[in-house]
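**Student:** Any chance you can model this:
(chains A, B, C and D)
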Protein chains: 2
Amino acid sequence: MSELSTKQSQIIEFIRDFIDEKDYPPSIRDIQFGCGISSTSVVDYNLRRLEEKGLLRRDREVSRGIELLEGRRRRGTVDIPVLGSIAAGQPIPVPTSDRWASDVEDTVTVTEEMVRGHENVFALRVKGTSMIEDLIDDGDIVFLEPATTAADGEKVAVWLQDRGEVTLKRLYREKDRIRLQPANSSMPPIYADPDNVSIQGRFISSIRPIG
Amino acid sequence: MSELSTKQSQIIEFIRDFIDEKDYPPSIRDIQFGCGISSTSVVDYNLRRLEEKGLLRRDREVSRGIELLEGRRRRGTVDIPVLGSIAAGQPIPVPTSDRWASDVEDTVTVTEEMVRGHENVFALRVKGTSMIEDLIDDGDIVFLEPATTAADGEKVAVWLQDRGEVTLKRLYREKDRIRLQPANSSMPPIYADPDNVSIQGRFISSIRPIG
DNA sequence: TCGCCTCGCGAACGGATGTTCTCTCTTAGT
DNA sequence: ACTAAGAGAGAACATCCGTTCGCGAGGCGA
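**Tutor:** Residues are numbered from 1 along each chain as shown, chains lettered A, B, ... in the order given. Presented below is the predicted three-dimensional model:
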């Protein structure tokens, strides 16, 4: 029932290739000649079957009104703004709910899986190896979601007011201070007054540029 | 000269939105009504200007034969076959020059930057923490390119014939043996006879699934 | 003022294109 | 063998749609 005849998979294949090459869908006669079919009605017939099977969508009465549903796989990418470098001494303007402004210096494109389920994700370039034992190296790009709170032990980007810098660390609450723990046994933790620490974002994932 | 008139950027905008929504380009009359223009010839006129400026490409005499050049941003993704797990005791069929066979259990989609400049890239799931100090953790997915040789110190996937297993290590040639060095100071290196080692692939990059 | 160019309007032409109708041909069920 | 359904061929039709042509309104330098 949901088997595809040779002709039908050939048509699907042809449409995919056609769009790949030309960036617009083929007309029925394009398909006809491209697949060596002898009549437009045969193409129409099979297109209807394919539509019933949910493999494509057609806009009636519209030329080239064919949309491959299954081919929607690609385009599963998101552009993430790189707001700056972390632990570089610069304050980071965390994006508000509306999309980031236009002053973004750079963006990285990643597949949606890298930030799945998170909103308003932004990215920062990591300087230094303070999180090396959490497998975050110098030069990596980390993805964060805006947050103002965090559970103990979470990796967060925090703004240290007195130092005027943003850094990525694991955050632990102690009696009357906050401990920012590097993941690098050669580096001591930073202790800070709670009033001096403001959480900017929560770690989601990271990538390492090739090379 | 290369400025865009209000109408022209409006048209570009409309085309982009139209394609975004319908997945096929608008006809000239779609643009006409969508932009509140009173004549098809005006659309045609501006489309020619936009084509001259290199912002789009038109296929003459073809309905909806409009292709946005600038909108090519997305689609920069590649599907990489995940051939199995590494250090899991199973031999890995390295893909030949023709595209991998159909028995691929899984694929991951990544942006082209992750494998830039490499051919026939395949992926493996990492089991264990033997490369932890090279920032490759248990559960990571590594990307490799087929290779049969490697320079000293390179991270390679090697097939150990007597153990019947594939493992990811740094490779060093010593007098009459090969040293496979884990990046984990709690693990000893593996020494093997050169005849017993066959290199399967060279490390390119890795990603870590979210969570 | 006179060309010349840019930009826009409206209409008409002809090819492109989706739809539909009528016929075959084959296959499976009875 | 008869019939119904699936698949296809061929042609006709009605739009859809890109192109072109004539006309006009401004702007600009000579």
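**Student:** so the residue in chain A sticking out farthest from the centre is in which element?
**Tutor:** No residue in chain A sits farther from the centre than A:Ser38, which is 44.5 Å out by Cα atoms, centre = their mean. In this assignment (DSSP states H and E), A:Ser38 forms part of neither any helix nor any strand.
**Student:** so what's it up against?
**Tutor:** Each residue near A:Ser38 by Cβ atoms under 8 Å, 6 or more residues apart in numbering or on different chains is listed here: A:Gln32. (C-beta placed from N, C-alpha, C; glycine too.)
**Student:** Pull up the per-residue confidence for it.
**Tutor:** Looking at A:Ser38, its pLDDT stands at 86.
**Student:** ditto for A:Val104
**Tutor:** So A:Val104 comes in at 51 (pLDDT).
**Student:** Tell me if A:Ile80 really is in a strand.
**Tutor:** Yes: counting by DSSP: H, G, I helix; E, B strand; the rest coil, A:Ile80 is located in a strand.
**Student:** Isn't it up against A:Val121?
**Tutor:** Yes: contact criterion Cβ atoms under 8 Å: A:Ile80 and A:Val121 qualify, at 5.6 Å.
**Student:** Now do the shared contacts for the two.
**Tutor:** Listed as contacting both A:Ile80 and A:Val121 by Cβ under 8 Å, 6+ apart are A:115, A:143.
**Student:** Contacts only, for whatever residue of chain A ends up closest to DNA strand C.
**Tutor:** Nearest residue of chain A to DNA strand C, counting by Cβ to the nearest atom of the strand: A:Ile28, 3.0 Å away. The contact partners of A:Ile28, by Cβ under 8 Å, 6+ apart, come to A:40, A:43-44, A:47.
**Student:** So what does A:Asp17 look like in phi/psi?
**Tutor:** Main-chain torsions, A:Asp17, degrees, to the nearest 10: phi -60, psi -40.
**Student:** Pull the number of nearby residues for it.
**Tutor:** Using other Cβ atoms under 10 Å in any protein chain shown, A:Asp17 is surrounded by 12 other residues.
**Student:** Give me the pLDDT for it.
**Tutor:** 87.
**Student:** where's it relative to chain B, distance?
**Tutor:** Distance, A:Asp17 to chain B, by Cβ to the nearest Cβ, to the nearest Å: 14 Å.
**Student:** Could you do A:Phe203 as well?
**Tutor:** A:Phe203 is 11 Å from chain B, where distance means Cβ to the nearest Cβ.
**Student:** do the helix or strand hosting A:Asp30 and DNA strand D meet at all?
**Tutor:** Using DSSP H and E, A:Asp30 sits within helix A:28-34. No: contact of helix A:28-34 with DNA strand D (Cβ under 7 Å from any atom of the strand) is absent, the minimum separation being 8.3 Å.
**Student:** Can you mark which positions in that helix are buried?
**Tutor:** Within helix A:28-34, the residues that count as buried by 16 or more other Cβ atoms under 10 Å in any protein chain shown are A:28, A:30-32, A:34.
**Student:** List the buried residues in the helix or strand just after that helix.
**Tutor:** Tracing the chain past helix A:28-34, the next element assigned as helix or strand by DSSP H and E is helix A:40-52. Under the neighbour-count criterion of 16+ other Cβ under 10 Å, helix A:40-52 has A:42-43, A:46-47, A:50 buried.
**Student:** Also stretch A:153-160?
**Tutor:** Within stretch A:153-160, the residues scored as buried using 16+ other Cβ under 10 Å are A:155-160.
**Student:** Mind checking what secondary structure A:Ala151 has?
**Tutor:** When classified by three-state DSSP, A:Ala151 comes out as coil.
**Student:** Spit out the contact partners of A:Val115.
**Tutor:** Contacts for A:Val115 (Cβ under 8 Å, 6+ apart) come out as A:78, A:80, A:121, A:143, A:145, A:204-205, B:210.
**Student:** Up against chain B, what does chain A have?
**Tutor:** A:22-25, A:27, A:59, A:63-68, A:73-77, A:79, A:109-111, A:113-116, A:132, A:135-137, A:204-210 (Cβ under 8 Å from any Cβ of the partner chain).
**Student:** and those, which are buried?
**Tutor:** A:22-25, A:27, A:64-68, A:77, A:109-111, A:113-115, A:132, A:135-136, A:204-208.
**Student:** Looking at these, which are in strands?
**Tutor:** Among those, the ones falling in strands (DSSP state E) are A:66-68, A:77, A:109-111, A:204-207.
**Student:** From these, pick the one nearest chain B.
**Tutor:** Here the nearest of these to chain B, counting by Cβ to the nearest Cβ, is A:Glu67; it sits at 4.1 Å.
**Student:** do you know how far the closest one is from A:Phe33?
**Tutor:** Plainly put, A:Glu67 is 21 Å away from A:Phe33 if you go by Cβ to Cβ, to the nearest Å.
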